[in-house]
Structures are given as C-alpha cells and as structure tokens.
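Undergrad: starting from these lines, generate the structure:
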Amino acid sequence: MTEGDKRSMMTLDSLQVLLIEPDGETARRIEESLSNSPDRTGATNCHRVESLAGMHALDMEHFDVVLTASVLPDACGLEVLVFMQGTAPDTPVIMTGVEADAAMAVDAIRGGAAEFILLTGHENTTVPLAVEKAFVHRQLRDENENLQEDLGRSMADLAVLNQKLEKSIRQLEVTARTDELTGLSNRRWLNLMLEGRWAEAQRHELSMAFLMLDLDGFKQLNDQLGHQRGDELLRIVGEVIIANCREIDVAARYGGDEFCILMPHTDVDAAMHVAKRISDVFDARLAEMDLGSVRIGLSIGVGHRDLSGPGTAEDLVRHADEAMYAAKASSTVDRRVFVRARDGAMLSSAA
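TA: Predicted coordinates:
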C-alpha cells in the first residue's frame, strides 16, 4: 500500500499534526481546538515543539500537516517554510500569527504556505477548518496521482516525468535564491529575509546586527592573476563566512566582491566577535595561497539596531556600509572591523 493510499483511508481524527509554537497558552488553545471540534469523534494527534531547532530532530514524513507560529525563538515562519520545502515539500504548512504579524501573510502565501491564520480568539473554528482544508487538499492531490498511475505504463511514465519536473522546479526555486559562485544567498533573498527580520525586531524589541564585508585589493588580483584566481578567492570568502555563521543567520553575496551577514538575536559584542573571527580565518586561508605581490585584505563594517540606532532596515544596511568604508580607510591590520555608533562615530575592534 502506497503512502497516498494510506492517507486516503485516514480520517481527520487520525491526523498527525506538528505544532511549532513557543507560547504555552497559544499552544494550549490550538491543541484544544483540534481536540474539541464538533466534527470530530476523537482527538487529533498533535506533537508540539517550540523552535526550528526542535523541528530538526523530527522525521517530517511522519506528519500530515504543520502548524507554525510566524515568530519563533530561533527563526521565523518563512524559514520553517524553506525547511519543509527541502525535507517534505508535499506536507501542507499553515502559519499562525497575531495582528502585528499580518504583514508576513503575503510573504507566507507566496512562500508556499497553505494558509495564514490570525489568532483572534476564534481558534476553535478557524484552526480545525484550516487543518481540514489542507488535509483534504493533500488527499485530493494524492488520489489524483493514484488515478494517474492506474492509467497504465505510459501514463505512469508521464507521472514520473511530472514528479521530476516538480523536483526540478523546487531545485530552481532554491537556485533562484542562491549565488552560484559562492553558495551564499543572493541579494533578492537577503532583501526578503531582511524585511521580515526587521519587522520582527521592531515588534518585539530584539537585537539585530548587519555585517558588510568587502575585499581589499580584489581588482589588482583580477588584473594581475586573472579572473579565475578572483573567482577562487570569492569562493574562499563564501566558505569562511558559511563556516562562521549560525543557522539563523542569512549570509549573502551583496554584489561583486561585497558580502553581508544578517544576524538576528545578536548583541554588539557577539557581532564584533564573529566579524573578527571571520577576518582571522580569512587571513589564515590567504596565507595558504600564492598571490605574488598582490595584497589582499577583508574590511568589515557592523551596523547594530541597538548601537547605531537605525530607523529602517535600509538604515541598518547603510550604517554597516559606512562602518565598512571606515575599516577600508584604516591602514592597520588589527583595525579591519569597525562598528557604527549612534552619533555616527566609528569604533574599531582594536579600540
């Protein structure tokens, strides 16, 4: 019996629902709504975790529907969507949030969410209805696939081709947000995540850092040693950044030889520590390369929501960019990392 056949025989009472909700009271209301719906004869099997990290330890194929809060301790709902698309793309994801999170609804639906539910106190009606709708939609899709298989070998071959096409489309979606050379996120995906993370930080008064990194001497390297060596150096920068970032950080290639890291839930000292570590590791990698007379460096600027006082996400990026140019203007190796203060002053890691 196929997984689709098993699902077609399931009732709503036997659904396996994964609830990702850090707030205990909200989780209680949602679980109660799934248990007490008048259309049910028993309780839905609901497994709860509080964060994206808790989700990683689970087998996503075990669940029929995922209910996730739009704001988590270590992520946001959009990152749950990305994770599910990579692990169990057929499992419907429903996002929940309060009125202040409604701005994320459009991004959630565009990102593949089955629905976005505003928690207004009517969860006993809205949550079971949304779960049932998502489950029935998945059942209909599975039944349609089974009917296609029954049409014979030629139609089965067509179904296989369709599945390959869907997989290719998902891979293209991942490729569309990834910089091909470095493996980092591209600027389009960075802007999307920056908008959501900034809104989250503003609503909940959370710390946030933004690092801007720029290669010094990159043009001379390209001119003297060729673009292949330049590409090799860009890939090394990508490797160093990825190795020193957390899972919740968004590391991206900003353009050319500029890179950036969006660091939510990060205080100033931690951001400066990461920047200094990236600089040190990059210098160690440079020592292993034969670059002749070309002198290469990495200048890093830090903008921070608490320290530089940006009014918008664009201000935060601009503050990091200004700090990065201050670092480039410094002539000493131990002052390659600068952070912008609220009054516009630049503070170095060596200060």
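
Undergrad: CA atoms only: put the helix or strand where Ala53 lies into CSV for me.
TA: Assigned by DSSP states H and E, Ala53 belongs to helix 52-56. The C-alpha coordinates for helix 52-56 follow below in CSV (Å, rounded to 0.1, in the frame of the first residue of the first chain):
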residue,chain,number,x,y,z
LEU,A,52,13.1,25.4,14.4
ALA,A,53,15.9,23.5,16.3
GLY,A,54,13.3,21.3,17.9
MET,A,55,11.9,20.6,14.5
HIS,A,56,15.2,19.4,13.1
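
Undergrad: how about that helix: buried residues?
TA: 52, 54-55 (16 or more other CB atoms under 10 Å). C-beta: built from backbone N, CA, C; applies to glycine.

Undergrad: measure the nearest residue to Gly54 once chain neighbours are set aside to Arg295 for me?
TA: In space, Gly54 comes closest to Ile20 once its chain neighbours are excluded; the distance is 7.6 Å by CB to CB, 6 or more residues apart in numbering. Separation of Ile20 from Arg295 (CB to CB, to the nearest Å) stands at 49 Å.

Undergrad: ok, now Met84?
TA: Taken as CB to CB, the span from Met84 to Arg295 is 46 Å.

Undergrad: so what pLDDT did the residue most central in space within the chain get?
TA: The residue lying closest to the centre of the chain (CA atoms, centre = their mean) is Glu79, at 4.0 Å. With respect to pLDDT, Glu79 has a value of 90.

Undergrad: where does the chain dip in pLDDT?
TA: For the chain, residues meeting the criterion pLDDT under 70 lie at 1-13, 36-44, 149-156, 158-159, 168-169, 171-175, 331-335, 349-351.

Undergrad: re the thing from before, contacts only, for the residue nearest to the centre of the chain.
TA: 52, 248 (CB atoms under 8 Å, 6 or more residues apart in numbering).

Undergrad: skip ahead from the regular element (helix or strand) spanning it and say which helix or strand is next.
TA: Using DSSP H and E, Glu79 sits in helix 77-87. Remark: after helix 77-87, the chain's next helix or strand is strand 93-97, criterion DSSP H and E.

Undergrad: name the helices or strands packed onto the helix or strand following that following strand?
TA: The helix or strand immediately downstream of strand 93-97 is helix 104-110, counting by DSSP H and E. Helices and strands touching helix 104-110, by 3 or more CB pairs under 8 Å, 6 or more residues apart in numbering; DSSP states H and E, are helix 77-87, strand 93-97, strand 115-118, helix 187-204.

Undergrad: before we move on, back to that, of all the buried residues of helix 52-56, which comes closest to Asp321?
TA: For these, the residue nearest Asp321 by CB to CB is Leu52; the value is 29.4 Å.

Undergrad: ok, that closest one - contacts?
TA: Contacts of Leu52 (CB under 8 Å, 6+ apart): 20, 72, 74-75, 79-80, 83, 247-248.

Undergrad: show me where the stretch 201-350 of the chain has strands.
TA: Per DSSP state E, counting those that start in this stretch, the stretch 201-350 of the chain carries strands over the ranges 208-216, 250-255, 258-264, 297-304, 337-340, 346-348.

Undergrad: can you put the ones you listed in TSV and add mean neighbour count and distance to Arg235?
TA: Below are the strands of the stretch 201-350 of the chain laid out as TSV (neighbours: other CB atoms under 10 Å; distance: least, CB to CB, whole Å):
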stretch	mean neighbour count	distance to Arg235
strand 208-216	25	12
strand 250-255	21	11
strand 258-264	25	12
strand 297-304	26	14
strand 337-340	28	22
strand 346-348	18	28
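
Undergrad: so, if you compare the contacts of Leu52, which one comes nearest to Val93?
TA: Val80 (6.7 Å).

Undergrad: surely the closest one touches Leu72?
TA: Yes - in terms of CB atoms under 8 Å, Val80 counts as a neighbour of Leu72; the distance is 7.4 Å.

Undergrad: need the longest helix for this protein.
TA: helix 123-150 (DSSP state H).

Undergrad: now list whatever residues contact both of Val80 and Leu72.
TA: 20, 52.

Undergrad: surely Arg229 meets Leu221?
TA: Yes - between Arg229 and Leu221 there is a contact under CB under 8 Å: 6.2 Å.

Undergrad: and for these two, which residues touch both?
TA: Joint contacts of Arg229 and Leu221 (CB under 8 Å, 6+ apart) are Leu291.

Undergrad: more neighbours: the two, which one.
TA: Leu221 (22 against 17; other CB atoms under 10 Å).

Undergrad: check contacts around that one.
TA: By CB under 8 Å, 6+ apart, the neighbours of Leu221 are 229-230, 233, 291, 294, 296.

Undergrad: one more time with 6 Å
TA: The contact partners of Leu221, by CB atoms under 6 Å, 6 or more residues apart in numbering, come to 230, 294.

Undergrad: if I look at it, how far off is Met324?
TA: 19 Å.

Undergrad: likewise for Asn144?
TA: Asn144 is 53 Å from Met324, by CB to CB.

Undergrad: tell me the angle the helix or strand containing Val66 makes with helix 123-150.
TA: Here Val66 sits within strand 65-69, counting by DSSP H and E. Here strand 65-69 points in a direction 140 degrees away from that of helix 123-150 (axes from the mean of the first three to the mean of the last three CA atoms, to 10 degrees).

Undergrad: what does strand 65-69 rub up against?
TA: Contact with strand 65-69 is made by 17-21, 77, 80, 91-96, 131, 134-135, as judged by CB under 6 Å, 6+ apart.
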